[in-house]
Structures are given as structure tokens and as C-alpha cells.
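J.: Coordinates only, no sequence provided:
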């Protein structure tokens, strides 16, 4: 596990009957650059687990398409779109992904919240988003990670298994997941 893992860990919270994974990251890049990386297809493909097909307009229906057939595609919606400060996705039937950006000196602070049910996928999804955000950082910096993304997920997942309560680690990879694709 990298030395960077612990300070970048997501937090698991329970609010209003749902669970939330909360991540805060600071990037040494302006909000407009980070926002483009969160929303534009040519940037999304570098770090996000799916392609996002649909218009970038609040209320637009979206389809999330896994690359290389790793898992089945699913539908969602663009719930909020306020460049360069906020984008929120309905991620399938139950999850919400909210990315809020704020300027911080010469950089940007990203607050990312994944609201979901059930709690059993907390460690799995926490590790997944952690690895995605690490990859986003490399993409923004124009560098290539020294690790394979799936290997990185495994390393980070071990830390989430240790850090989250046992009930947050009862669900493994999604149905249809193909780690070899």
C-alpha cells in the first residue's frame, strides 16, 4: 500500500437512511480544468470507471457504459450541472455521485460524495472511488501512475476493509464484473 493511501481515505457516513462515502482532495489546478476532467468525455475516459453517454444538461438521461465489457451498462441522469462548480449524477437506480469544486488559492478542492444503499458495498466502492480519484490526479498532472489500476484497487481495498466496520464489506464486485477484460 502506498504512503498516500491513509491521508486520502474516504469517510463512511450514515445520513437520512442512506450511506455516504465522502472524499476531499486538493488539486494544484484551477476549477475549470478539474471540472472539464469530471465532465468531458476525453477526460472522463482517463479516470472514471465508465463512459458517460448523454447531454451535459441538468435533467438529461445518461447511460454509463463500462469499457471492455467489464460489466453491463446502466442508466442514470445528470441531476445537476453548474460549471465549474458542481456536477451530480444519478448513478444507476440507487446511487448519487456529487462532485463539488471550490477554488483554493492556485488550486481546487474537490468534495466528492457517493450516496448509496446498502452499506455492504461501502469498502468495495470506497476503494473503487479512491483508486479513481488517484487516477484523476495523475490525469490532471499529465503523469502516468506507476501502478496497474486493478492492482491499486486491491491494495486500497485492503485498507478500507481494515478501516470500515464489518457490515460495510459484505458485498463484493458487481454482478457481471470481469476482472480479466
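T.: Nice, I can see it. Keep in mind the model is a prediction, meaning the values are calculated, not measured.
J.: Give me the contacts around the longest helix seen in the chain.
T.: The longest helix of the chain (DSSP state H) is helix 122-141. Outside helix 122-141, the residues that touch it by Cβ atoms under 8 Å, 6 or more residues apart in numbering are 4-5, 8-10, 12, 19, 21, 23, 25, 27, 29, 33-34, 37, 43, 46-49, 110, 112, 114, 116, 144-145, 149, 152-153, 156-157, 159-161, 164, 168-169, 171-173. All C-beta atoms are positioned from the backbone trio N, CA, C, and that covers glycine.
J.: for the record, mean pLDDT for whatever helix or strand comes next after it?
T.: Toward the C-terminal end, the helix or strand that comes next after helix 122-141 (DSSP states H and E) is helix 149-163. In this model, helix 149-163 has a mean pLDDT of 88.
J.: Which neighbouring elements make contact with helix 149-163?
T.: Counting contacts by 3 or more Cβ pairs under 8 Å, 6 or more residues apart in numbering; DSSP states H and E, helix 149-163 packs against helix 122-141.
J.: that older thread, run the angle between the longest helix of the chain and helix 149-163 for me.
T.: With axes from the mean of the first three to the mean of the last three Cα atoms, to 10 degrees applied, the angle from helix 122-141 to helix 149-163 works out at 130 degrees.
J.: follow-up on the earlier one: restrict the contacts of helix 122-141 to the buried ones and give me that as a ChimeraX selection.
T.: Selecting the buried subset of the contacts of helix 122-141 in ChimeraX, with 16 or more other Cβ atoms under 10 Å as the burial test, is done by:
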select :5,8,9,10,12,19,21,23,25,27,29,34,37,43,47,48,49,110,112,114,116,152,153,156,157,159,160,164,168,169
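J.: end-to-end on stretch 78-87?
T.: Its start and end residues considered, stretch 78-87 measures 8 Å (Cα to Cα, to the nearest Å).
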